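Chemist: Sequence first, then the predicted structure:
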Amino acid sequence: MVAMPGKSIAEREPEHPASGEFLRDIVFGANDGVVTAIGFLVGISGSIANQGVVVIAGILTIVAGSASMALGNYLGVKSQREHYEAMEKIEKWEMKHKPDVERDEIREIYTNYGFDKETVETLTKKVTSNNELWLKVMMRDELGFSEQEKGQPVVSGVFMGIAYLAGGIPPLLPYIFLRPLTRALLMSVFVSVFVMGMIGFFRWFLNKGSFTSKVAETITIGLVAAAVGFVAGEALRLFGISDISI
């Protein structure tokens, strides 16, 4: 495929960070990790008195969640890539067997951009003289695909799994090193808020905008999840499923 013509330009400008390709995987993975961990820990702390059980259950939850997120993201990105490649094959077939129709579509695309008839014909001739460029224009401007949608399934899966662990492990650490359970719970909430704040900072660092809103949004979502976990734990206590010990 033809390289993205503006990529080298963007890379020279510091306000366009090049590290955002896997931003979704990192932010989604880390945020889901910390939200799942604190929600689970707050919930289980209200229904199980044995701190060792909480630690073991927390480790299993985080590890299983990391594997699930990594594999799920791998399948999702792979499916997206397969869809892109399927559409690409259709466009290649149409370019080969219906070139006149495809040229008319190129003319329509550039006409819709507002170019005059002479410019449209010049651009159409230029684009259709190079099959790779022609295909890229059809994929982008007719179907609305970008090359980034092809993705890298394995890398995306790994990023997601690691980010989930990075977000999920910190809230569990107080339960390993602190006693009693109530103290560990309070420290876990504090650590979780700090981690969510760092995720918000990371979002702001790459996307700019309002620093306060990005941090506040990330923390708020996490606290809502913790509240849901607390309510679930209280529900278990209400139904008598509490104070489990080994």
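Modeler: Now that the structure is in, tell me what you want to look at.
Chemist: pLDDT of stretch 136-150, averaged?
Modeler: Stretch 136-150 shows a mean pLDDT of 84 in the predicted model.
Chemist: shift numbering so it begins at 131
Modeler: Will do, 131 is the new start, and the previous item becomes stretch 266-280.
Chemist: Which parts of that stretch count as buried, going by neighbours?
Modeler: Using 16 or more other Cβ atoms under 10 Å as the test for burial, stretch 266-280 gives 266, 267, 268, 269, 271, 272, 275, 280. Quick note: C-beta positions are derived from backbone N, CA and C, even for glycine.
Chemist: From one end of it to the other, what's the distance?
Modeler: Separation of the first and last residues of stretch 266-280 by Cα to Cα, to the nearest Å is 13 Å.
Chemist: what about residue 178, is that helix, strand or coil?
Modeler: Look at residue 178: counting by DSSP: H, G, I helix; E, B strand; the rest coil, its state is coil.
Chemist: quick one, phi/psi of it?
Modeler: Dihedral angles of residue 178 (phi, psi; degrees, to the nearest 10) stand at phi -130, psi 130.
Chemist: Could you report the distance from it to residue 305?
Modeler: Relative to residue 305, residue 178 is positioned 11 Å away (Cβ to Cβ, to the nearest Å).
Chemist: Mutual contacts of the two, please.
Modeler: Jointly contacting residue 178 and residue 305 under the rule Cβ atoms under 8 Å, 6 or more residues apart in numbering are residue 184.
Chemist: ok, how many other residues are close to residue 341?
Modeler: 13 (other Cβ atoms under 10 Å).
Chemist: Sorry, slip of the keys, the one I care about is residue 246.
Modeler: So residue 246, with other Cβ under 10 Å, has 10 neighbours.
Chemist: related to what we said a few turns ago, residue 178 and residue 305: which is more packed in?
Modeler: Ranked by neighbour count (other Cβ under 10 Å), residue 178 and residue 305 place residue 305 first, with 25 against 22.
Chemist: Which of the residues in the helix or strand containing the more buried one are classified as buried?
Modeler: Element membership of residue 305 [criterion: DSSP states H and E] is helix 283-307. Neighbour-count burial for helix 283-307 flags 283, 286-302, 304-305 (criterion: 16+ other Cβ under 10 Å).
Chemist: what's the offset of that helix from the middle of its chain?
Modeler: Averaged C-alpha coordinates place helix 283-307 at 14 Å from its chain's average position (Cα atoms, centre = their mean, to the nearest Å).
Chemist: any idea of the angle the very next helix or strand once past it forms with helix 283-307?
Modeler: Note on helix 283-307: by DSSP H and E, the next helix or strand toward the C-terminus is helix 311-337. Helix 311-337 and helix 283-307 are oriented at 150 degrees to each other (axes from the mean of the first three to the mean of the last three Cα atoms, to 10 degrees).
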